[in-house]
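A.B. asks: 3D, please:
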Amino acid sequence: MPAHYEYELGKTAEIIARQLFDLKPDETLVITADTESDERVVDAVARAAFACGAKPLVVWNVAPLGVSKAADPMLPVESLTALLKTADAWVEFNNKWLLYSTVYDRAMAENKNLRHLVLVGSDADMLVRCVGRIDYEVLGAFETRLADMIFAADHVRLTTPAGGDVEFNNSHESWGVGYGDLGLSTTPGDHYMAGQISWSIDLNSVNGTIVFDGSLDPPFARVLNQPITLSVKGGEIVKIEGGAEAQEFDAWTRSFNHPQMRRLAHVCAGFNPGAKLCGNILEDERVWGSTEWGIGQVPSDLFPGGISAPSHCDGICLNTSVWLDGVQFMDRGQVLDPVLQDLAHRLGK
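C.D. replies: Next up is the predicted model:
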């Protein structure tokens, strides 16, 4: 008997190698994994890359106790950086993400042609649902229209049934819409799993209440037991309230003794039709109709001259309602625009 999703995983791995990376003969694909990774996913993508004529290079690391630069003490920084400096493509399947680590910073700075795809912590089930079964043409049309409509607004308000109510201004002079690239990793730089829209906002204008009622990672690599409420003023978290998890999160942000660990870094909206809340932040931040806030500013999120944070985390707000310049755009996770509704229906939502 084949293993769970054995055939579907093979097709998904081929989509990653041929469609997302468009690997060419003799290109080197570095696959990073750690001791918390799903080896079936790693092996399937390595096989698919080799079938394209590319040269897969699989690197297994000890799972660090933290992510980003907090992972540095447990990483072979020099050796791993040396590999990535000469690679053509890199996919992260490690559960503890290397994104924003010293390895990442140096590799991306010294290898301007590196195509980087973030699929951290993916297991076979998630990869099949969120990558292998996606209608990329329809999702691309949905993401493009959604992003254009959000970014055209000057002022945004987000509310959630859990009690979230936060407002901010869009920034039209920064980097604009990002992340909505469907995971296509054919150009140098960072790329992400399909189904998430991110856009540039004036972080200093963020005021109100954010309630995480989905997941928050780190410090919790699982679905939250109780909501965590953040009071935000001028883009800075001034109070964290809730139960035991809220207290632990408050202590975690303070443990770095760094001012940027209480600053918001970005906001995103999730729209992957295959995603479900499961405790893996990569999938959770793509749950349909959710919004995700990044905390802990890092270089790619900062304006010039900003200060880098030692770590970063992402929290999920479910069933978000959205107002654009005072007009309601989404209601509890469902889009109200007729064209977007039709596209959503075609995606099974």
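
A.B. asks: how about the residue nearest to residue 106 when sequence neighbours are not counted, phi and psi?
C.D. replies: Using C-beta to C-beta, 6 or more residues apart in numbering and skipping residues adjacent in sequence, the residue nearest residue 106 is residue 81, 4.8 Å away. For glycine as for every other residue, the C-beta is placed from the backbone atoms N, C-alpha and C. Dihedral pair for residue 81: phi -60, psi -40, per degrees, to the nearest 10.

A.B. asks: pLDDT below threshold where in the chain?
C.D. replies: 173-180, 298-307 (pLDDT under 70).

A.B. asks: and the longest helix for it?
C.D. replies: Determined from DSSP state H, the single longest helix within the chain is helix 136-152.

A.B. asks: quick one: name whatever helix or strand follows that helix.
C.D. replies: strand 155-159 (DSSP states H and E).

A.B. asks: next, the angle helix 136-152 makes with that next one.
C.D. replies: Between the axes of strand 155-159 and helix 136-152, defined by axes from the mean of the first three to the mean of the last three C-alpha atoms, to 10 degrees, the angle is 110 degrees.

A.B. asks: now strand 155-159, how far from the centre of its chain.
C.D. replies: 21 Å (C-alpha atoms, centre = their mean, to the nearest Å).

A.B. asks: contacting residues for the most centrally placed residue in the chain?
C.D. replies: The chain has residue 282 as the residue nearest its centroid, 5.2 Å off, counting by C-alpha atoms, centre = their mean. Going by C-beta atoms under 8 Å, 6 or more residues apart in numbering, residue 282 touches 118-122, 126, 193.

A.B. asks: tell me which element residue 57 falls in.
C.D. replies: Secondary structure (DSSP H and E) places residue 57 in strand 55-61.

A.B. asks: show me how far that strand is from its chain's centre.
C.D. replies: Strand 55-61 sits 22 Å away from the centroid of its parent chain (C-alpha atoms, centre = their mean).

A.B. asks: who's in contact with that strand?
C.D. replies: Taking C-beta under 8 Å, 6+ apart as the rule, strand 55-61 contacts 26-35, 37, 42, 45-46, 49-50, 74-76, 80, 83, 87, 94.

A.B. asks: drop anything exposed from those.
C.D. replies: Taking 16 or more other C-beta atoms under 10 Å as the criterion, what is buried in the contacts of strand 55-61 is 27-34, 37, 42, 45-46, 49, 75, 80, 83, 87, 94.

A.B. asks: mind pulling up the phi and psi values for residue 64?
C.D. replies: Dihedral pair for residue 64: phi -60, psi 170, per degrees, to the nearest 10.

A.B. asks: in space, what's closest to it - neighbours in sequence excluded?
C.D. replies: Counting by C-beta to C-beta, 6+ apart, the residue nearest residue 64 is residue 71, at 3.6 Å.

A.B. asks: so the one you found sits right up against residue 104, yeah?
C.D. replies: No - using C-beta atoms under 8 Å, residue 71 is not in contact with residue 104, being 9.7 Å away.

A.B. asks: distance of the residue nearest to the centre of the chain relative to residue 122?
C.D. replies: Plainly put, residue 282 is 7 Å away from residue 122 if you go by C-beta to C-beta, to the nearest Å.

A.B. asks: which element is residue 237 on?
C.D. replies: Using DSSP H and E, residue 237 falls in strand 236-242.

A.B. asks: for that strand, buried residues please.
C.D. replies: Those would be 236-237, 240, 242, for strand 236-242 by 16+ other C-beta under 10 Å.

A.B. asks: ok, now stretch 265-279?
C.D. replies: Judged by neighbour count using 16+ other C-beta under 10 Å, the buried positions of stretch 265-279 are 265-275, 277-278.

A.B. asks: closest to residue 310 out of these?
C.D. replies: Minimum separation from residue 310 among the buried residues of stretch 265-279 (C-beta to C-beta) is found for residue 265, which lies at 12.8 Å.
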